[in-house]
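Engineer: this is a predicted model, with the sequence first.
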Number of protein chains: 2
Amino acid sequence: MEAGDEETEIHGATGDDIDIGPLGQEIGYVLRRAQLMIFRRFFADFAAEDIKPAQYSTLMIVSRNPGVAQGRVAAALDIKKTNFVAMVSELERRGLMLRRPSATDRRSQCLHLTDTGVALVERLRSIAARNEDRIAAALGDGVYDGLFAPLRRIARGEF
Amino acid sequence: MEAGDEETEIHGATGDDIDIGPLGQEIGYVLRRAQLMIFRRFFADFAAEDIKPAQYSTLMIVSRNPGVAQGRVAAALDIKKTNFVAMVSELERRGLMLRRPSATDRRSQCLHLTDTGVALVERLRSIAARNEDRIAAALGDGVYDGLFAPLRRIARGEF
DNA sequence: TATTGTTATACTCTATAACTATA
DNA sequence: TATAGTTATAGAGTATAACAATA
């Protein structure tokens, strides 16, 4: 039984489809695969605007919280402040956002959208809304709506 | 209106919590945050065995498909074959898995678990099962079960 | 002393091109 | 000519340490 030359025993599993076994019943695996697909679509949908998911989230948050401190946005998105610096600088370089020193705490940088940034956010929001509608239609409204509560609980670590 | 010295207009959004706006209603954002939290827990739970998610998935698939070709596992996990080489080599170096040239196609490397690998997979499976039970209990069985079908559809890009 | 933003740096993950040995 | 595995390499994403200015 040591090694043997029996081909059938040696290579096995030659079918076209692989059995992923218990993986398919594990929420982590399924969640990961779903998230990768969503991101893949995201890149395609936002390619025309040259915007990546993290940039999109940043723009959205600054849009809803004009003048918010840089570090608070980073914290809300769970991005390390040290990694967030380059991303704000890039958005600033592209003329979408700008830093302004806080009047009350001169260590803080307050973030604001430029007019160009505001216009871009409008376009992004409309693309995103169309995507949500498409997904909701594909899954059925009830199923789609039902995903949010459990996913938020998981995101909060309530398990 | 150019710049202005009005503090209230300049810094804005000073509350403790940030308004993430429509982001919280977007499946991509919520899915991403949930997936990050699951991975965070995964690292903690599997730290004792020094196993990362991709390694876990690889071991599980080889466990269920002994002798499967290396490239087919990479494809099943959506990992580029070029990046998969190092990960198989590492598992082989750790004595968990081994490559054997296929008897029918000498280009192919067939993957097998070692006895150590089989024993590890047993321990990992038991940890994973406990995690699933914990999440199911936290969300409620009905809610937990209901997540899989829509997430699989999203993962397949059916939207 | 502690905090905000910053730089420098390293490590992982992911992506592309080019090679080899087989088929 | 195409495929399986490999190497080398470059680019993102993410992590820590240390610093300046300010609180």
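Structural biologist: Sure, I can see it.
Engineer: list the buried residues in the lengthiest helix in chain A.
Structural biologist: Longest helix in chain A, counting residues (DSSP state H): helix A:115-139. Applying a neighbour-count criterion of 16 or more other Cβ atoms under 10 Å in any protein chain shown, one finds A:117, A:120-121, A:124-125, A:127-128, A:131-132, A:135-136, A:139 buried in helix A:115-139. Quick note: C-beta positions are derived from backbone N, CA and C, even for glycine.
Engineer: gap between A:Leu98 and A:Gly67?
Structural biologist: A:Leu98 sits 11 Å away from A:Gly67, taking Cβ to Cβ, to the nearest Å as the criterion.
Engineer: sorry, that was for A:Ile51
Structural biologist: A:Ile51 sits 22 Å away from A:Gly67, taking Cβ to Cβ as the criterion.
Engineer: mind giving me the packing neighbours of the longest helix of chain A?
Structural biologist: helix A:27-46, helix A:53-64, helix A:141-155, helix B:27-46, helix B:141-155 (3 or more Cβ pairs under 8 Å, 6 or more residues apart in numbering or on different chains; DSSP states H and E).
Engineer: got the contact list for the residue minimising distance to the centre of chain A?
Structural biologist: Chain A has A:Pro53 as the residue nearest its centroid, 4.8 Å off, counting by Cα atoms, centre = their mean. By Cβ atoms under 8 Å, 6 or more residues apart in numbering or on different chains, the contact list for A:Pro53 reads A:39, A:42, B:28, B:32.
Engineer: same deal with A:Asn83?
Structural biologist: Neighbours of A:Asn83 in contact, by Cβ under 8 Å, 6+ apart: A:Ala74.
Engineer: what is the burial count for A:Glu49?
Structural biologist: With neighbours defined by other Cβ atoms under 10 Å in any protein chain shown, the count for A:Glu49 comes to 13.
Engineer: same deal with the one 5 residues further on?
Structural biologist: Other residues within reach of A:Ala54 by the criterion other Cβ under 10 Å amount to 14.
Engineer: okay, A:Ile51 and A:Gly67: which has more neighbours?
Structural biologist: Higher neighbour count among A:Ile51 and A:Gly67: A:Ile51, with 23 against 20, using other Cβ under 10 Å.
Engineer: excluding chain neighbours, what is closest to that one?
Structural biologist: Leaving out its chain neighbours, the residue that sits closest to A:Ile51 by Cβ to Cβ, 6 or more residues apart in numbering or on different chains is A:Leu124, at 6.4 Å.
Engineer: and the gap between that neighbour and A:Pro150?
Structural biologist: According to Cβ to Cβ, A:Leu124 and A:Pro150 sit 27 Å apart.
Engineer: among the buried residues of helix A:115-139, which one lies nearest to A:Thr82?
Structural biologist: Set against A:Thr82, the nearest of those by Cβ to Cβ is A:Gly117 (23.3 Å).
Engineer: interface residues of chain A facing DNA strand D?
Structural biologist: A:52, A:54, A:79-80, A:82-83, A:104-107 (Cβ under 7 Å from any atom of the strand).
Engineer: break chain A into its domains for me.
Structural biologist: With domains defined by automatic domain parsing, chain A comprises A:1-49, A:51-159.
Engineer: who are the contact partners of the closest residue to A:Leu23 other than its chain neighbours?
Structural biologist: Computed as Cβ to Cβ, 6+ apart, the closest residue to A:Leu23 that is not its neighbour in sequence is A:Tyr29, at 4.6 Å. A:Tyr29 makes contact with A:20, A:23, B:57 under the criterion Cβ under 8 Å, 6+ apart.
Engineer: who in chain A is up against DNA strand C?
Structural biologist: Checking chain A against DNA strand C by Cβ under 7 Å from any atom of the strand, the hits are A:69-72, A:74, A:81-82, A:85, A:88-89, A:99, A:105, A:107-109.
Engineer: and chain B, which of those residues reach it?
Structural biologist: A:69, A:72, A:108 (Cβ under 8 Å from any Cβ of the partner chain).
Engineer: can you put the residues you listed in CSV and add pLDDT, neighbour count and secondary structure?
Structural biologist: Shown next, in CSV, are those (pLDDT from 0 to 100; neighbours: other Cβ atoms under 10 Å in any protein chain shown; DSSP: H, G, I helix; E, B strand; the rest coil):
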residue, pLDDT, neighbour count, secondary structure
A:Ala69, 98, 21, strand
A:Arg72, 98, 21, helix
A:Ser108, 98, 19, coil
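Engineer: of these, closest to DNA strand D?
Structural biologist: Ranked by distance to DNA strand D (Cβ to the nearest atom of the strand), those are led by A:Ser108 at 7.9 Å.
Engineer: sorry, back to before: from the residues of chain A next to DNA strand C, list the buried ones, please.
Structural biologist: The buried subset of the residues of chain A next to DNA strand C (16+ other Cβ under 10 Å) comprises A:69-70, A:72, A:74, A:88, A:108-109.
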